[in-house]
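Engineer: Okay, here's the prediction I keep looking at, along with the sequence it came from:
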Amino acid sequence: MIEVHNITKRYGNITAIDRVTFSVAKGEVLAFLGPNGAGKTTTMRILTCFMPATEGTARVAGFNCADQPMDVKRRIGYVPETPPVYQEFTVSEYLTFVGNLRGMTGKALTSGIEQSIEKLALGDVRHRLIGNLSRGYRQRVGLAQAVLHDPPVLILDEPTVGLDPKQIIEIRELIKSLAGSHSVILSTHILPEATAVCQRVVIISGGRIVAEDTPDQLSARLRHSEKISVTIKNPPDDCLAKLQTIPGILHVFSAQPTGTFLLECALGQDKRDEIARFVIANQWGLLELRTISMTLEDVFLQLTRHEEGVSDPVQSVVEHTGAAQETTL
Ligand SMILES: Nc1ncnc2c1ncn2[C@@H]1O[C@H](COP(=O)(O)OP(=O)(O)OP(=O)(O)O)[C@@H](O)[C@H]1O
Ligand SMILES: [Mg+2]
């Protein structure tokens, strides 16, 4: 449904995206994941015919974005980073206005409006001025205009930015409900978003695609060993060296002063039992013992940091393990 082949966009001597290639099948939801300035919006603007690529080709439903913009636009619903909703219109007026711009009239327009209002749960605010709506509701109005003409392709640029957790869940549910009947590209720099709603993830960093796979495959591919976290109440000074002597343990990393150690063993091995016995036998006080699966966040950090010269996967797990406690909702 969407085919992007080797697109490059240069602004003067800035290369915003560099030979980006990916595709989205019919009914698939693809996450375009990357840090700020990675090139997500640039790619989406090319796909929506807002501007042409410097090199390469982008096609939507078989139509070339550079040569057949009207055919492409008819098949796309687009929610830009900041939805262009007019504050002085009511929700219904705005949707009527957008529908008219798209050439919709009569029954097609009325049923399009009714369906999009229903999908986005906008019934209660349909006669209110957009300028008086909360940010979350304005975002919904942005999404409603995108689905108004029931396009087969939806391009959503960071659709949940600025929403509260409840609204985020609602919008994610909505996106999931569109899967199957629509092809969706969703850009985000929030990892849970990618795993929550998408079947496939493209990770972009510095204008280049650094990985593409299912969320599970991505983390499996980059996992070279099993990692176990152990938290000890009274670790002695030589705790790290002693843990290292447990048979089958390849490396031990310390996340002091918390008393948490990260132990690495060969892929497919589970040494939790041995570690527990060892800590108990030494009477150090076992507070916690668990395996650590490499999350998509670890993969993302590893891949997007590579360019900055930090590529040690264990280090990023150690750092992430510490950070995870603070960021978990
Ligand atoms: N009109 C422009 N002129 C010059 N450089 C630009 C222009 N638009 C974007 N860029 C640059 O292109 C790169 C990619 O920007 P882009 O907006 O596509 O990133 P993004 O992934 O959407 O980031 P964010 O998460 O912050 O929205 C950045 O380095 C940006 O500064
Ligand atoms: Mg952007």
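Structural biologist: Arrived safely, thanks for sending. Numbers count the residues shown, from 1 in each chain. Ligands and ions are numbered 1, 2, ... in the order given.
Engineer: drop to CA atoms for contacts and neighbour counts, all remaining ones
Structural biologist: Will do.
Engineer: hang on, V141 in a helix?
Structural biologist: Yes - per DSSP: H, G, I helix; E, B strand; the rest coil, V141 lies within a helix segment.
Engineer: Quick check: the gap between it and ligand 1.
Structural biologist: Separation of V141 from ligand 1 (C-alpha to the nearest ligand atom, to the nearest Å) stands at 20 Å.
Engineer: tell me the contacts of that residue?
Structural biologist: By C-alpha atoms under 8 Å, 6 or more residues apart in numbering, the contact set of V141 is 85, 91, 120, 122.
Engineer: Count the neighbours of the third one for me.
Structural biologist: It stands for L120. Applying other C-alpha atoms under 10 Å, we find 19 residues neighbouring L120.
Engineer: Could you say which helix or strand holds P83?
Structural biologist: Assessed by DSSP states H and E, P83 sits outside every helix and strand.
Engineer: how close does the residue nearest in space to the middle of the chain sit to T258?
Structural biologist: By C-alpha atoms, centre = their mean, the chain has its centre lying nearest to A194, at 3.2 Å. For A194, the distance to T258 (C-alpha to C-alpha, to the nearest Å) stands at 31 Å.
Engineer: Which of the contacts of V141 sits closest to ligand 1?
Structural biologist: V85 (18.9 Å; C-alpha to the nearest ligand atom).
Engineer: can you tell me which residues contact the closest one?
Structural biologist: Applying C-alpha under 8 Å, 6+ apart, the residues contacting V85 are 94, 130, 138, 141-142.
Engineer: you'd agree V20 is in a strand?
Structural biologist: Yes - assessed by three-state DSSP, V20 belongs to a strand.
Engineer: so it makes contact with K9?
Structural biologist: No - with contact defined as C-alpha atoms under 8 Å, V20 does not reach K9; the gap is 9.4 Å.
Engineer: The residue in the stretch 201-329 of the chain that ligand 1 sits nearest to: neighbour count?
Structural biologist: Relative to ligand 1, the nearest point of the stretch 201-329 of the chain is G207 (6.7 Å; C-alpha to the nearest ligand atom). The local packing of G207 (other C-alpha under 10 Å) involves 21 other residues.
Engineer: Let me see the contact set for the residue lying closest to it once chain neighbours are set aside.
Structural biologist: Of all residues not flanking G207 in the chain, I17 sits nearest, at 3.8 Å (C-alpha to C-alpha, 6 or more residues apart in numbering). By C-alpha under 8 Å, 6+ apart, the contact set of I17 is 7-10, 38-39, 42-43, 206-208.
Engineer: element containing I17, please.
Structural biologist: Short version: I17 belongs to strand 14-24, going by DSSP H and E.
Engineer: Now tell me what touches the next helix or strand after that strand from outside.
Structural biologist: Per DSSP H and E, the first helix or strand lying C-terminal to strand 14-24 is strand 29-33. Contacts of strand 29-33 with the rest of the structure, by C-alpha under 8 Å, 6+ apart, involve 24, 40, 176, 179, 183-191, 194, 197-204.
Engineer: Any regions of the stretch 101-250 of the chain where pLDDT drops low?
Structural biologist: Along the stretch 101-250 of the chain, the model assigns pLDDT under 70 to residues 219-223.
Engineer: Show me where it has its helices.
Structural biologist: 106-119, 135-147, 165-178, 191-197, 215-221, 239-243 (DSSP state H, counting those that start in this stretch).
Engineer: For T105, see how far away the closest residue to S254 other than its chain neighbours is.
Structural biologist: Excluding the flanking residues, the one nearest S254 by C-alpha to C-alpha, 6+ apart is F261, at 4.5 Å. F261 is 65 Å from T105, where distance means C-alpha to C-alpha.
Engineer: wait, what's in contact with the closest residue to ligand 1 within the stretch 51-200 of the chain?
Structural biologist: Evaluated by C-alpha to the nearest ligand atom, the stretch 51-200 of the chain has H189 as its residue closest to ligand 1, separated by 6.4 Å. By C-alpha under 8 Å, 6+ apart, the contact set of H189 is 33-36, 158.
Engineer: Each with direction, which strands does the strand holding I17 pair with?
Structural biologist: Strand 14-24 has its sheet partners listed here by DSSP bridges as strand 2-11 (antiparallel).
Engineer: If the residue nearest to G207 is in a bridge, with which residues?
Structural biologist: Beta-bridge partners, per DSSP bridges, of I17: K9.
Engineer: Residue numbering should commence at 5 henceforth.
Structural biologist: Done: numbering now begins at 5, and the last item shifts to I21.
Engineer: State the distance from it to ligand 1.
Structural biologist: For I21, the distance to ligand 1 - C-alpha to the nearest ligand atom - is 7 Å.
Engineer: tell me the domain boundaries of this protein?
Structural biologist: 6-219, 224-331 (automatic domain parsing).
Engineer: now, of the ones you listed, which is deepest in the fold?
Structural biologist: domain 6-219 (a mean of 19; mean count of other C-alpha atoms under 10 Å).
Engineer: What strand or helix carries F257?
Structural biologist: Counting by DSSP H and E, F257 is part of strand 253-258.
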